[in-house]
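*Asks:* quick one: sequence and predicted model below, then my questions.
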Amino acid sequence: MNLRPDQLAGHLEKALSPLYVVHGDDLLAIEAGDAIRAAARKQGYAEREVLMVTSGFKWDDLFMAAGNLSLFGGDKLIDLRIPSGKPGRDGGEALGRYCTNLPGGIVTLISLPELDWQAKKASWFTKLTAAGVAIECTAPGVARMPEWIATRLQRQNQSASREALDFIATHVEGNLLAAHQEIQKLALLYPEGEISLKDVEAAVLNVARYDIDALRDALKSRDAARCARTLDGLKAEGAALPLVLWALANEARSRAARIALLHAARIDRMIKGVARGDVWDEMLQLALRLTRT
């Protein structure tokens, strides 16, 4: 069975398939994978085992994971990730064998990047898609981008005129991740309801000399000195506190850094006025913590 990303939510309300294959645009594929994992938890798949296919990966580990009973006594999700999209000859053979005899009590989620036409015709891929549910996460074309942005705004109870939607779409130039970030920014800066074109322009074009992307780059490179300088610049230019915290919290989530996330939650309470402390100093301490994580 083949599903579009917008069909997945309805499908997941029913009993889960034993096999899902998610591939395509990074943002949409991540969201589809998250939705499947959440549905599995809701339906009693209490344990999740993550297998990352990198150089030297032993494909026997996949069969061992499928044969091991859940430690929690319930059903189990196997989260198999192939970042390269190329399992190799041994992997292709193993995947073919695996999907011909899917284990009971287990949902297997296989995550792949965007694949070219040759990969989609490979024997291992056609066997997987024939045995389970395939979700190809195709980014909307330029013409459909305003509609996509409008749908995302509705999820956070916001809306904008067609002119404002076109403005965002033009600014992000078809990049879904950039569009996603702009939409999140609007949720942080403005309340629910309709956002004017003027406010959209102010949010999208407000790129400070020390901008949020610079902070994210410094965090990813674990450059403590640059993080400190960038935060000082953001503070001097009056950057919106929720936006700065959003960048820090996103990096903490990507590293599954639980202590850092707890720190971010405390800063959020400070911003909202329900906890005391120096917000900028706490954000600096959180940034430095992330450079060491």
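*Replies:* Great, that's in hand.

*Asks:* can you give the domain ranges for the protein?
*Replies:* Using automatic domain parsing, the domain parsing of the chain gives 2-137, 142-205, 212-292.

*Asks:* how about those in TSV, adding mean pLDDT and mean neighbour count?
*Replies:* (C-beta placed from N, C-alpha, C; glycine too.) Formatted as TSV, the domains of the chain follow (pLDDT from 0 to 100; neighbours: other Cβ atoms under 10 Å):
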stretch	mean pLDDT	mean neighbour count
domain 2-137	91	16
domain 142-205	89	16
domain 212-292	87	17
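
*Asks:* my read: R226 touches A218, true?
*Replies:* Yes. Between R226 and A218 there is a contact under Cβ atoms under 8 Å: 4.0 Å.

*Asks:* all strands for the stretch 151-293 of the chain, in order.
*Replies:* 158-160, 193-195 (DSSP state E, counting those that start in this stretch).

*Asks:* would CSV of those with distance to T138 be doable?
*Replies:* Supplementary listing: the strands of the stretch 151-293 of the chain in CSV, determined by distance: least, Cβ to Cβ, whole Å:
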stretch, distance to T138
strand 158-160, 24
strand 193-195, 27
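
*Asks:* so which of those is nearest V53?
*Replies:* strand 158-160 (38.9 Å; Cβ to Cβ).

*Asks:* now that closest one: how far from the chain's centre is it?
*Replies:* Taking Cα atoms, centre = their mean, to the nearest Å, the mean C-alpha location of strand 158-160 is offset from the chain mean by 23 Å.

*Asks:* ok, it: who's next to it in the sheet?
*Replies:* strand 193-195 (parallel) (DSSP bridges).

*Asks:* which outside residues touch the partner strand?
*Replies:* 153, 157-161, 164, 186 (Cβ atoms under 8 Å, 6 or more residues apart in numbering).

*Asks:* these two touch, right, A29 and L109?
*Replies:* No. Look at A29 against L109 with Cβ under 8 Å: they stay out of range, at 10.9 Å.

*Asks:* common neighbours of these two, please.
*Replies:* Counting by Cβ under 8 Å, 6+ apart, the shared contacts of A29 and L109 are V22.

*Asks:* just list what the helix or strand harbouring V22 packs against, helices and strands only.
*Replies:* Per DSSP states H and E, V22 falls inside strand 19-24. Using 3 or more Cβ pairs under 8 Å, 6 or more residues apart in numbering; DSSP states H and E as the contact test, the elements touching strand 19-24 are helix 26-42, strand 106-111, helix 123-131, strand 133-137.

*Asks:* turn the ones you listed into CSV, including distance to D213.
*Replies:* Below are these laid out as CSV (distance: least, Cβ to Cβ, whole Å):
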stretch, distance to D213
helix 26-42, 16
strand 106-111, 26
helix 123-131, 35
strand 133-137, 24
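
*Asks:* between those, which gets nearest to R4?
*Replies:* Of all the helices and strands packed on strand 19-24, strand 133-137 comes closest under Cβ to Cβ, at 7.5 Å.

*Asks:* angle of the strand holding V22 against helix 26-42?
*Replies:* 160 degrees (axes from the mean of the first three to the mean of the last three Cα atoms, to 10 degrees).

*Asks:* before we move on, back to that, ok, which of the helices and strands packed on strand 19-24 comes nearest G174?
*Replies:* helix 26-42 (12.2 Å).

*Asks:* can you dump the C-alpha atoms of the closest one in CSV for me?
*Replies:* Extracted C-alpha coordinates of helix 26-42, given in CSV (Å, rounded to 0.1, in the frame of the first residue of the first chain):
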residue,chain,number,x,y,z
ASP,A,26,13.7,15.2,5.3
LEU,A,27,11.1,17.3,7.1
LEU,A,28,8.1,15.4,5.9
ALA,A,29,9.8,12.0,6.5
ILE,A,30,10.7,13.0,10.1
GLU,A,31,7.1,14.0,10.8
ALA,A,32,5.8,10.8,9.2
GLY,A,33,8.2,8.7,11.3
ASP,A,34,7.2,10.6,14.5
ALA,A,35,3.5,10.0,13.8
ILE,A,36,4.1,6.3,13.3
ARG,A,37,6.1,6.1,16.5
ALA,A,38,3.4,8.0,18.5
ALA,A,39,0.7,5.7,17.1
ALA,A,40,2.7,2.6,18.1
ARG,A,41,3.1,3.9,21.7
LYS,A,42,-0.6,4.6,21.8
